[in-house]
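Colleague: how would this look folded up:
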Amino acid sequence: MNLRLNSEFGTLKAVLMHRPGKEIDRLTPYNKEFLLFDDVPYLEALQQEHDAFSNLIKESTGATVYQLRELLIRVLYDQKMLLQLMRESLKRSGMVHLAEDILERYSTAECAGILTAGLKVHELRRKIPKLNAGELMEFAFVISPCPNLYFQRDPMAITPGGVIFSSMRMEGRQREADLLRTIFENHMDFKDNIHQLYPVLGHDNPPSIEGGDVIILSQKAVAIGNSERTDEKAIYHAAKALLAEGTVERVYEVHLPQKRQFMHLDTVFTILDENLVLTYPDAMNAVLQTSLYTLKEIKDDKVHIKREVLKESLLTILEREIPHLEILHTAAGNPDYAMREQWFDGANVFAIGPRRVISYNRNIHTNRALRNMGVEVLEIPSSELSRGLGGPRCMTMPISRSRV
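Modeller: Prediction:
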């Protein structure tokens, strides 16, 4: 499997997802903000909606749907790898010394559950009655949960030039990126097909970048959002690696407002076909600055790139990169409905093929507008999935698409 993608809309062949689990039940009204949630979903209904989503992908495309938990268990049969991940996960609570004890008392599948859903002092005490938890209270987390893990788009990105492994802005989400990187670097289906673009080898504390900010504009151009989750320095290093690899000729840095509704670039627009883009109406006006990175030269094995600040809107850039561009606004541009449906990621649909998308059923005005443009819209239930404030694109990590 060649881990490179040359479009956002080529017919889907393989995708990575994560079925929400016990980590969602860790959310309470008191810790939800700490765990980066705005609400407390109902797990059983959330799982039913997610199952409907993954089944729809299989039925409508025939694509392979990889589940993160299954891949993780496979990789963790390597006890050395499991011990390393467990130690890293215990650092925040200062309980690294418990790693070996946990591995002795829990199965590999249980350890995979701990790494995603977390572990509390009182739960561990059932296995270690004489546990010395120091100053941690009984219901404190020895390992924090990862409730955002069902948003698989953020921990990495696959581009025409290779793979970007995310360095997550929020400490609570960094373990998600660590889990995905461990899987892809060690699972037999992926490990020999990685051309790593980011982090740069030797950079121990790389600037933050998240997969939701990376969008493939064309076979030769990639856009990366400079957002509240992605730093300018990270964009520079990712652009340098992309341009040096040679497949991509242009990398655009898109400066997003530091607002919740513009968290990632993919909350602003989604590419649905070679000439069709779905966007939030205010997005084009909100982007006030863009920059263009191009390759200057490669001399003596050193890569030199050029950054040019453009006095152009995002719309102008899209029109240049996407010939005969058609733009569809969420809710067909109705300001009230667009604002309402954008709150539930109306512009964040998942393209499973040219002009074929999966969308939340609650975004009825956007879905109607899409169909009026000739787009096939497949809807999924969304009462609980949408509580995490991420759309169908956010929940999926395409691994393979047909070339366009």
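Colleague: quick one, longest strand in the chain?
Modeller: With DSSP state E setting the assignment, residue counts place strand 289-299 as the longest strand in the chain.
Colleague: now whichever helix or strand comes after it: average pLDDT?
Modeller: Downstream of strand 289-299, the first helix or strand assigned by DSSP states H and E is strand 302-310. Per-residue confidence for strand 302-310 averages out to 93 on the pLDDT scale.
Colleague: kindly calculate the angle that the very next helix or strand once past strand 302-310 makes with strand 289-299.
Modeller: Using DSSP H and E, the next helix or strand after strand 302-310 towards the C-terminus is helix 314-321. Taking axes from the mean of the first three to the mean of the last three Cα atoms, to 10 degrees, helix 314-321 and strand 289-299 form an angle of 40 degrees between their directions.
Colleague: now helix 314-321: buried residues?
Modeller: Residues of helix 314-321 classed as buried: 314, 315, 317, 318, 321 (neighbour count, 16 or more other Cβ atoms under 10 Å). Placement of C-beta: from N, CA and C, glycine included.
Colleague: per-residue pLDDT, the last one?
Modeller: Translated: residue 321. According to the prediction, residue 321 has pLDDT 91.
Colleague: that one against residue 218, yeah?
Modeller: Yes. Proximity of residue 321 to residue 218 meets the contact threshold set by Cβ atoms under 8 Å, at 5.4 Å.
Colleague: in its sheet, which strands sit next to the longest strand of the chain, and in what direction?
Modeller: When sheet partners are counted by DSSP bridges, strand 289-299 sits next to strand 250-255 (antiparallel), strand 302-310 (antiparallel).
Colleague: buried stuff in it?
Modeller: In terms of neighbour count (16+ other Cβ under 10 Å), strand 289-299 has its buried residues at 290, 291, 292, 293, 295.
Colleague: do stretch 217-229 as well
Modeller: For stretch 217-229, a neighbour-count test (16+ other Cβ under 10 Å) marks 217, 218, 221, 222, 223, 224, 225, 226, 227, 228, 229 as buried.
Colleague: can you name the two of those residues that sit furthest apart?
Modeller: Of all pairs drawn from the buried residues of stretch 217-229, the one with the longest distance (Cβ to Cβ) is 218 and 228, at 26.4 Å.
Colleague: is residue 161 in contact with residue 195, as I believe?
Modeller: Yes. In this structure residue 161 lies within contact range of residue 195 using Cβ under 8 Å: 7.1 Å.
Colleague: of the two, which one has the most company?
Modeller: Set side by side, residue 161 and residue 195 show unequal neighbour counts under other Cβ atoms under 10 Å, the larger going to residue 161 at 22 against 14.
Colleague: so what's the residue count around the closest residue to that one other than its chain neighbours?
Modeller: The shortest distance from residue 161 to any non-neighbouring residue, by Cβ to Cβ, 6 or more residues apart in numbering, is to residue 245 (4.0 Å). Around residue 245 sit 17 other residues, with neighbours defined as other Cβ under 10 Å.
Colleague: quick one, strands of the stretch 1-150 of the chain?
Modeller: Counting by DSSP state E, counting those that start in this stretch, one finds strands in the stretch 1-150 of the chain at the ranges 12-17, 64-67, 119-120, 141-143.
Colleague: and stretch 105-116, what's its mean pLDDT?
Modeller: For stretch 105-116, the per-residue pLDDT averages 97.
Colleague: in it, which residues are buried?
Modeller: Across stretch 105-116, burial judged by 16+ other Cβ under 10 Å covers 106, 108, 111, 112, 113, 114, 115, 116.
Colleague: residues contacting that stretch, please?
Modeller: In this structure, residues lying in contact with stretch 105-116 by Cβ atoms under 8 Å, 6 or more residues apart in numbering are 18, 21-23, 68-69, 72-73, 76-77, 82, 85-86, 89, 102-103, 127-128, 143, 145-146, 149, 175, 179.
Colleague: JSON lines please, covering the strands paired with strand 289-299 and showing mean neighbour count and distance to residue 52.
Modeller: Below are these laid out as JSON lines (neighbours: other Cβ atoms under 10 Å; distance: least, Cβ to Cβ, whole Å):
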{"stretch": "strand 250-255", "mean neighbour count": "23", "distance to residue 52": "33"}
{"stretch": "strand 302-310", "mean neighbour count": "12", "distance to residue 52": "42"}
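Colleague: dump the ones you listed to CSV, plus distance to residue 391.
Modeller: Formatted as CSV, the entries for these read as follows, by distance: least, Cβ to Cβ, whole Å:
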stretch, distance to residue 391
strand 250-255, 18
strand 302-310, 28
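Colleague: I'm done for today, thanks for sticking with me.
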